[in-house]
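K.L.:
Sequence and predicted structure are below.
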Amino acid sequence: MKTKQTLIQTKLFSFEDKKYKDFNKKLIPNIDENTMIGIRTPVLRKFAKEFFKSEPEAVSAFMKDVPHKYFEENNLHCFFIENIKDFDEAVKETEKFLPYIDNWATCDSFSPKLFKKYHEEIYKKILVWIKSKHTYTVRYAIGLLLSNYLDEHFKPEMLELVSKIRSDDYYVNMMIAWYFSIALVKQYKTAIPYIEEKKLDTFTHNKAIQKAIESYQIPKEVKELLRGMKVKG
């Protein structure tokens, strides 16, 4: 028996792009392709912004009805949170939804601009989230440190915090590697000792070097230096 679609699901299927689904499902192998509709992110963000304003009751009901069935519903949930103007409410809804994030794409696309205005308050939350046992809550915390705290709000302790994470999860370790590769661009003098002294596990250490070498923002001589720091094993 076919289950009746909700109003939001019907709207989402109206944006279906099967070619994009075929492309996207290869990038997110841990997601069941039957739960993926195929909607480009700019289209989904535009819908989220418009629907958030026009249908607040439907948005509220949707955000309470978790877990969602479709990959795009999870992304939509994140984009609804991004439209919340009240900081405390945005944090509350973020903490409620983080445990339901089940893939790197949803995790990495979720970035409330409001959080950049409250860097001290969010940093306190990051210190909690980064200790979670949930893969994508940890990845989300590291991602926030990468996007919002490697410039004027950077603190050396943040590098230490990330370097001490030990995980068997590929998606956590890849985010650690990505974080250190960007830290080598933006905070080189503080970040390079972590590579020189091999403070990361072997896989993450080598991935951080690989990503840094791939960057156009790192000088050629530094790339040569980094190549010599790779660890066998």
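P.N.:
Perfect, thanks for sending it.
K.L.:
In the chain, mark out all the helices, start to finish.
P.N.:
7-13, 18-27, 41-54, 56-64, 71-82, 87-97, 104-109, 119-129, 135-148, 156-163, 170-186, 188-196, 202-214, 220-227 (DSSP state H).
K.L.:
could I get these as a markdown table with mean pLDDT, distance to Thr35 and mean neighbour count?
P.N.:
Every residue, glycine included, has its C-beta placed from N, CA and C. Shown next, in a markdown table, are the helices of the chain (pLDDT from 0 to 100; distance: least, CB to CB, whole Å; neighbours: other CB atoms under 10 Å):
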| stretch | mean pLDDT | distance to Thr35 | mean neighbour count |
| --- | --- | --- | --- |
| helix 7-13 | 96 | 12 | 16 |
| helix 18-27 | 95 | 10 | 13 |
| helix 41-54 | 97 | 15 | 15 |
| helix 56-64 | 96 | 16 | 13 |
| helix 71-82 | 98 | 5 | 23 |
| helix 87-97 | 98 | 17 | 16 |
| helix 104-109 | 98 | 12 | 19 |
| helix 119-129 | 98 | 25 | 15 |
| helix 135-148 | 98 | 16 | 22 |
| helix 156-163 | 98 | 31 | 17 |
| helix 170-186 | 98 | 18 | 21 |
| helix 188-196 | 98 | 38 | 16 |
| helix 202-214 | 97 | 29 | 19 |
| helix 220-227 | 95 | 39 | 13 |
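K.L.:
would a markdown table of those with distance to Asn34 be doable?
P.N.:
Output for these, formatted as a markdown table (distance: least, CB to CB, whole Å):
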| stretch | distance to Asn34 |
| --- | --- |
| helix 7-13 | 13 |
| helix 18-27 | 10 |
| helix 41-54 | 19 |
| helix 56-64 | 21 |
| helix 71-82 | 10 |
| helix 87-97 | 22 |
| helix 104-109 | 16 |
| helix 119-129 | 30 |
| helix 135-148 | 21 |
| helix 156-163 | 35 |
| helix 170-186 | 21 |
| helix 188-196 | 42 |
| helix 202-214 | 31 |
| helix 220-227 | 42 |
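K.L.:
burial measure for Tyr228, as a count.
P.N.:
That one is not Tyr; residue 228 is Gly. If you count neighbours by other CB atoms under 10 Å, Gly228 ends up with 7.
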